[in-house]
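Undergrad: Let's see this in three dimensions:
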Amino acid sequence: MDNQGSNNFNNGQGVTPQDANFWNPISPQGQPASQTAQASQAPQPVQSSQAFGFASTPAAPAASVTPSATSTPGFNQPVSAYSSANPTVLPQASAMSQAIPSSTPANNASFMSQVTDPSGNLLNKDFNLMTDEEKKEAERIARAKNRVDLLKTIGLIVVSLLAVLFIGLFIWMTLKWSEANTNVQGKIDVAVAEARNSLQTKLENDFEEKEKYPFLTFSGPTDLGALNFEYPKTWNLYIPDDASRGGDYHAYLNPGQVNVVADNTVMALRVTIKNEQLDRVLEDFTDKVQSQEMTVSSTVVNGVNVNVYTGKLDSDLMGIVCVFKIRDKTALLQTDSSNVFRADFERILSTIRFNS
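TA: Model (predicted):
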């Protein structure tokens, strides 16, 4: 009954009809349908109006009100319109808004951020707000993160040490390579110099051999066995005696010019054919071999083994003497220098021919 009386009382007060949701009142002059629809989507605190006994009556048609171009349809616009049309209701709405606790999205977000991190990472959550399970999980995650950080640090140290080691090895190998390259270059230079000197010596020897060749042929008297052999063309021949008048035969050969004939004069080759038996001539050389003034060896001359004596001569010169038999006579070929003319002397012996 009391409620009915209150309703009737409210209905008889001549209050402008309004929607049940007083936060979105209908303007007495009337609003477009779009304004009414936007106003109906306002926040829900308007439901508390029933607790304060506000009447809910159908909205009466009213004159339309054109919204301001600068105003934004939203939460405050319907309230201002309602308050301007119904000044008697504004104190009640103000008192109700003070009675309802303020709860905004910013405060809710701040409170939720203290409870949990949006990313779900427990390490960003307040430790005091965690449960026991969350604390254990956070400790496990922290230990795992510390192990990963430790492994990364160790890996970085190892990589740095290896990099330093490789750089040191590279520098050491570079120095060794430079030193080896220098040594090799020095050895190459020495080898090239030696090869150049050897080649020059060889060319000079070849030139001398070519200058000697073709060799000239020595021909002795026919009645003395027709001794002949080849000697270098750069040598000159000197025959002082005519063997046809009897006596021993002598011939002297020497490079360039023949020196004055004497016992102490160095000759490249002395040729002597004596009217003596071979055994008698060999006795003198045998005595020198026994006294170790000379040594004896053998070689082949004209297909016959003959004796070759090397050592001190009667002139005190160091030479070589080859002794062999021609018919009833004895032939001696002698060089007064075993060091200078040894090669030429041996070649001459290999070319000797005579009539036995």
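Undergrad: Leu333: neighbouring residues, count only.
TA: Residues near Leu333, counting by other CB atoms under 10 Å, number 24. C-beta coordinates here come from the backbone N, C-alpha and C atoms, glycine included.
Undergrad: close enough to count as contact, it and Ser350?
TA: No: between Leu333 and Ser350 there is no contact under CB atoms under 8 Å: 11.9 Å.
Undergrad: Show me the shaky parts of the stretch 201-350 of the chain.
TA: Along the stretch 201-350 of the chain, segments meeting pLDDT under 70 span 212-213, 242-246.
Undergrad: Please repeat the previous calculation with a cut-off of 90.
TA: 201-216, 220-225, 233-234, 239-248, 256-265, 275-276, 284, 303, 314-316, 327-328 (pLDDT under 90).
Undergrad: which residues of the stretch 51-200 of the chain fall in helices?
TA: 76-85, 90-99, 105-115, 132-212 (DSSP state H, counting those that start in this stretch).
Undergrad: now those as CSV including mean neighbour count and distance to Phe324?
TA: Output for those, formatted as CSV (neighbours: other CB atoms under 10 Å; distance: least, CB to CB, whole Å):
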stretch, mean neighbour count, distance to Phe324
helix 76-85, 17, 150
helix 90-99, 13, 155
helix 105-115, 10, 129
helix 132-212, 10, 24
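Undergrad: which SSE is the closest residue to Val271 other than its chain neighbours in?
TA: Excluding the flanking residues, the one nearest Val271 by CB to CB, 6 or more residues apart in numbering is Ala251, at 4.1 Å. In the assignment (DSSP states H and E), Ala251 maps to strand 249-255.
Undergrad: and the strand or helix carrying Asp284, what other elements does it pack with?
TA: Element membership for Asp284, per DSSP H and E: helix 278-290. Applying 3 or more CB pairs under 8 Å, 6 or more residues apart in numbering; DSSP states H and E, one finds that helix 278-290 contacts strand 294-301, strand 304-312, strand 318-326, strand 329-335.
Undergrad: could the ones you listed be laid out in CSV, adding distance to Trp172?
TA: Listed next are the helices and strands packed on helix 278-290 as CSV, based on distance: least, CB to CB, whole Å:
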stretch, distance to Trp172
strand 294-301, 61
strand 304-312, 60
strand 318-326, 60
strand 329-335, 63
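Undergrad: I figured Ile273 hits Tyr249, correct?
TA: Yes: the criterion here is CB under 8 Å, and Ile273 meets it with Tyr249 at 4.0 Å.
Undergrad: So if I had to pick from these two, which one is more boxed in?
TA: Per other CB under 10 Å, whichever of Ile273 and Tyr249 has more neighbours is Ile273, with 24 against 20.
Undergrad: So what are the sheet partners of the helix or strand containing that one and their directions?
TA: Assignment of secondary structure by DSSP H and E places Ile273 within strand 269-274. Paired neighbours of strand 269-274 in the sheet (DSSP bridges): strand 249-255 (antiparallel), strand 329-335 (antiparallel).
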